[in-house]
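Asks: generate a structure from the sequence data that follows.
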Amino acid sequence: MVKSMTDTDESLLIAFASHRDEKAFRALADRYLGLVFHTAMRRTNQRQLAEEISQNILCALAEKAPSLAKNPDRLPAWLHRATLFESSKAMRAESSHQRRQLLQIPDDTAPDASAWTDALPHLDAAIETLSDADRRVVLLHFFDNRPFPGIARSLGKSTVAVQKQSQRALEKLARLLRSKGVTLSATALATGLSTEFAKAAPASLQQSATTAVLTGTATYSTTGLTLMFAAKSKALVPIVVLLCALPLALQQVAISNARSRIEQLQAGSPPMLTAAPKATNATAKSDPNSLSAWKNLAYRVTFQDSGSMMNYMKNKRIELELRERLEAMTPDEILSRMDEIATWDLPDGASTLQNTMLTEAATKDSQGALKHCENRLAQVEETQRFQLVKAFAKWMQSDSAGATAWFDAMLVGGKLKSKGLGNRGNEQCHDQMMADLMRVVITDLLKSAPALAIERFKSLAPDQRRAMINFGFISKPIEPGTEAPFINMVRQGLTAEESRYILSNPHGRYAEMARGMVKEGGLAKVGSFLDAISASPEERRTFAEAAAMGGLSRLKRESGHLDRAAVDALRAWLAQQVPQDVDRFTGKALADNTPPDATFKTTAPIVEALYQETGSDDLLVAFLGGLSGSGFARERGALAALIQDETKREAIMTKLKPYLPKTAGEAH
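Replies: Next comes the predicted model:
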């Protein structure tokens, strides 16, 4: 969706928050109600309930407009999370079977309608597991339809970094969906997200819900949502500050009521589970490791509710009780109890409890935790896999020989091989755990014995090599000092085509090395490295493009500001590495170092002066094409007018036209 300068989320939120501009609120509702409504539909499978949830979210949006205006880029992610929270509250009144009947709407426009239909019930839960930063990028790009350069400018990152972040998020979503039995490539997932998020809310709902909020006929209180996000968000004030803002008397009443409700929950069953354990407080206190005490705690952890201040206080007590109980247990006791809990009929929230227990056990005894889980290594869920890989890395640091021997035994015994090995059309395999553990082994060998690392890599089956590179190394940076051995490993262990794809991908791990080297030793170190590995022309071009952006940033920091001397130094280096791409890479680097603020006034004269000297359209096209946002539209248009190639000039002007005053746009 294209937003004009006066139609941004920030301007609309400010307009509504400052003087209750109804037109601004309706514009926000029209823009985001589709996201809210269809998220609620996927979670509840009930249109009436989804419409009620949508109206509640609009109420919350009206209430939170002032604070959201301070961070407008968070709005899509905030609305998505708020909708999931409100949907969970609504579904508590439904039966457990109804709660699990999620919407499945075939979409013939998706790349694989059947697979996408299967993915829909799990989609929102998967998105919710992403980090705040990843979820924001995914929603800004696929729902808000923002290009990567625009997202990069608003987040203060490079375009390449945002593109890579989006790709990693898609890969993680794909892995999470595979764990649910749904196979979708990252590309298919991207297409499906674009299609799903393009769905609009029913016209009748847009009119009725918005009118209800603006006229005050919507009676829903947003307090629960407001406090939920106050407790959850890292960007908001700590809970202590909120408590200090309450009158002391009200604090005492709230605490007293919370204690009373907690004691009632501990004494009886959670209201939604008729078969819940009925452990008494006396039993729990006398024997905290008894079966009844653990069942009581498991249900309380599972049904934590952050919808109010009192519930937040209650949840902190539950977390403290769990932490104290785990600290007093041996690793074997924790793992044994964790396995027992896995057999209980608990809802999805039980995974949080099991993950916490595994984390504690692995912290105390990394080797023991791995051996305890060795018969189900290929089937563990995402969070548990992360903890086990972390435990393996810890074991490797203290006993590399023992950890490697254990890994080899697991590999030979087939305990790292999932059922989906090698059956995907793109020949990537499902062995995520194998790839992650192998990465730890290979990384250790690359530091101490590079030749052995390469031989180990080459001894793997072709699909396992691809899995390790695509799933293992893609999620972690290459450790400094191991770049050259890593590249030799890729060249020797993969086919020429595969190697070329890995090492010539401008958004891949190889390009990431360039940014790390520039940060550590400047452009000179990058040039020496390229010579040392006898980089091919394609590899040199990929490395130089990535290094140019970081290199100019480093030169800018060294001189205190971006000036012509820094740009000339970059161009001199580029002329040695990629003489045919000097102008294009210079333009990209200048765009990457021009955030949407007054910095443009510094870089634009440099670009114009360079153009007068070189007459290169590539310089202008790369610079203007890499910028985003609506700032300095007139000045950017003036630079675009200098482009001699009519097709390239018109392409740039088409992108700028929405941001230009009407007369200026028509003039061009």
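
Asks: so who does the closest residue in space to V578 that isn't next to it in sequence touch?
Replies: Nearest non-adjacent residue to V578, counting by CB to CB, 6 or more residues apart in numbering: A544, 4.7 Å away. Where C-beta positions appear, they are placed from N, C-alpha and C, glycine not excepted. Applying CB atoms under 8 Å, 6 or more residues apart in numbering, we find A544 in contact with A514, V526, L530, L574, Q577, V578, D581, F585.

Asks: kindly report the same for A589.
Replies: Going by CB under 8 Å, 6+ apart, A589 touches A548, M549, G551, L552, L570.

Asks: try 10 Å this time
Replies: Residues near A589 by CB atoms under 10 Å, 6 or more residues apart in numbering: 158, 545, 547-553, 555, 566-567, 570-571, 574, 622-623, 626.

Asks: CA atoms of the host helix or strand of it as PDB?
Replies: In this structure, A589 sits in helix 582-592 according to DSSP states H and E. The C-alpha trace of helix 582-592 is given here as PDB (Å, rounded to 0.1, in the frame of the first residue of the first chain):
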ATOM      1  CA  VAL A 582      32.700   1.600  -9.000                       C
ATOM      2  CA  ASP A 583      29.800   4.000  -9.700                       C
ATOM      3  CA  ARG A 584      27.000   1.600  -9.000                       C
ATOM      4  CA  PHE A 585      28.500   0.400  -5.700                       C
ATOM      5  CA  THR A 586      29.400   4.000  -4.700                       C
ATOM      6  CA  GLY A 587      25.700   5.000  -5.200                       C
ATOM      7  CA  LYS A 588      24.500   2.100  -3.200                       C
ATOM      8  CA  ALA A 589      26.900   2.900  -0.300                       C
ATOM      9  CA  LEU A 590      25.900   6.500  -0.300                       C
ATOM     10  CA  ALA A 591      22.200   5.600  -0.200                       C
ATOM     11  CA  ASP A 592      22.900   3.100   2.600                       C
END
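
Asks: what residues of stretch 524-539 count as buried?
Replies: V526, G527, F529, L530, I533, A535, E539 (16 or more other CB atoms under 10 Å).

Asks: and which of those residues is nearest L49?
Replies: The nearest member of these to L49, counting by CB to CB, is E539 at 54.8 Å.

Asks: got a list of what the residue nearest to the spatial centre of the chain touches?
Replies: Using CA atoms, centre = their mean, the residue of the chain that lies closest to the mean C-alpha position is D134, 1.9 Å off. The contact partners of D134, taken as CB under 10 Å, 6+ apart, are A77, I127, Q165, S166, R168, A169, L170, K172, L173.

Asks: beyond the host helix or strand of it, next helix or strand please.
Replies: Using DSSP H and E, D134 falls within helix 132-142. Next helix or strand after helix 132-142 toward the C-terminus (DSSP H and E): helix 148-155.

Asks: let's have the contacts of A544 in CSV, adding distance to S154.
Replies: Listed next are the contacts of A544 as CSV, based on distance: CB to CB, whole Å:
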residue, distance to S154
A514, 24
V526, 29
L530, 33
L574, 28
Q577, 31
V578, 30
D581, 28
F585, 24
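
Asks: and these, which are buried?
Replies: Neighbour counting by 16+ other CB under 10 Å classes A514, V526, L530, L574, Q577, V578, D581, F585 among these as buried.
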